[in-house]
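K.L.:
Need a 3D model of the following:
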Amino acid sequence: MFCDFDFFAYLCPHEYKPAILPVFLVPVLSCQLVTGIIFLNLCRKMSPSLTEIPEMAFYSCTGLRTIVFGKNVNVIGESAFSRNNLPGINLTEVKLTTIGRYAFSYSLQATYLMLPETLTSIDDSAFSACYSLAEVTSNAVTPPTCGGKDVFSFVDTMNCKLRVPEASIEDYNTAFVWKDFFNIEAAVSVIQTDRSDSSEFYTIDGLHISTARKGLNIIRTKDGKTRKVFVR
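P.N.:
Numbers count the residues shown, from 1 in each chain. So this is what the prediction gives:
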């Protein structure tokens, strides 16, 4: 057994019946404010050996609000998180290389998507019908290979901003699928985080943290102003 837990169960909305959460999924993530998944005594210890989230693992769990991945997950399977209500998708803290078909399709509430620098391939329709996306950040220096023209189908690429490493802007401007984004700009990079000015740091979801983390952060300075910064 990978972790210490009393009981894990989830209600699969599309089947309308309770089921026991498969043990191999327990180390992958923990969820908060979930109606589609019930967690009593959340997982305390994630398995470092877990590398893949299977296809349809959390398909149609519309109550899903927060996901915390094991750091060694490198593959997200087909339709693994399709049809959720996540407010945003942050994958920057895992060593992800591959995102499967329809993996996050129909993430209707997600306004932002953050992809890690380790990502190399995205299968077709992985983020299709993510209608609310307003900002996509890709940290990969080389544009990840897209497995089809519909990776971002039904995303408003005319208005959705794509932020990439400054040295890679031209590569994204000519890469298959990525070139469909009208606004491609350099991601903000923070080399150091100096606390001498009494700044406060928050995650993109509003969680207060002691210092800026890798990826997108919100910083509130002592004069009360806030801004988004990206930490590499």
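K.L.:
Could you list the low-pLDDT ranges of the chain?
P.N.:
Residue ranges of the chain with pLDDT under 70: 1-48, 188-198, 232.
K.L.:
Helices of that one, start to end?
P.N.:
Along the chain, counting by DSSP state H, helices occupy 169-174.
K.L.:
Specify the residue ranges that define each domain of it.
P.N.:
48-187, 189-232 (automatic domain parsing).
K.L.:
and the ones you listed, which is most packed in?
P.N.:
Scoring the domains of the chain by mean neighbour count under mean count of other CB atoms under 10 Å gives domain 48-187 as the most buried, with a mean of 19. For the C-beta atoms, the positions are set from N, CA and C on the backbone; glycine is no exception.
K.L.:
gap between residue 146 and residue 125?
P.N.:
Residue 146 is 10 Å from residue 125, where distance means CB to CB, to the nearest Å.
K.L.:
correct me, but residue 125 touches residue 102?
P.N.:
Yes: assessed by CB atoms under 8 Å, residue 125 is found in contact with residue 102 at 5.1 Å.
K.L.:
Residue 82 contacts residue 103, doesn't it?
P.N.:
Yes: under the criterion of CB under 8 Å, residue 82 makes contact with residue 103 at 6.9 Å.
K.L.:
measure stretch 156-168 end to end?
P.N.:
End-to-end distance for stretch 156-168: 22 Å, by CA to CA, to the nearest Å.
K.L.:
same deal with stretch 199-215?
P.N.:
End-to-end for stretch 199-215, by CA to CA: 17 Å.
K.L.:
Next: stretch 83-101.
P.N.:
Termini of stretch 83-101 sit 13 Å apart (CA to CA).
K.L.:
and if you look at stretch 210-225?
P.N.:
18 Å.
K.L.:
Same question for stretch 125-139.
P.N.:
Note: stretch 125-139 ends 20 Å apart using CA to CA.
K.L.:
tell me how far that stretch is from the chain's mean position?
P.N.:
Distance of stretch 125-139 from the chain centroid (CA atoms, centre = their mean, to the nearest Å) equals 10 Å.
K.L.:
same check, this time on stretch 153-160
P.N.:
18 Å.
K.L.:
likewise stretch 147-155?
P.N.:
Computed by CA atoms, centre = their mean, the chain-centroid distance of stretch 147-155 equals 17 Å.
K.L.:
what's it in contact with?
P.N.:
Under the criterion CB atoms under 8 Å, 6 or more residues apart in numbering, residues 101, 121-131, 133, 136, 176-177, 180 lie in contact with stretch 147-155.
K.L.:
Mark which of the residues you listed are part of strands, please.
P.N.:
Judged by DSSP state E, those include 121, 122, 136 as members of strands.
K.L.:
Look up which residues are beta-bridged to the closest residue to the second one other than its chain neighbours.
P.N.:
It stands for residue 122. Among residues not flanking residue 122 along the chain, residue 99 sits closest, at 4.8 Å (CB to CB, 6 or more residues apart in numbering). Beta bridges link residue 99 to residue 76, residue 122, judged by DSSP bridges.
K.L.:
list the contacts for residue 99?
P.N.:
Here residue 99 is in contact with 76, 91, 119, 121, 122, 123, 126 (CB under 8 Å, 6+ apart).
K.L.:
farthest-separated two in the residues you listed?
P.N.:
The most widely separated members of the contacts of residue 99, counting by CB to CB, are 91 and 123 (14.4 Å).
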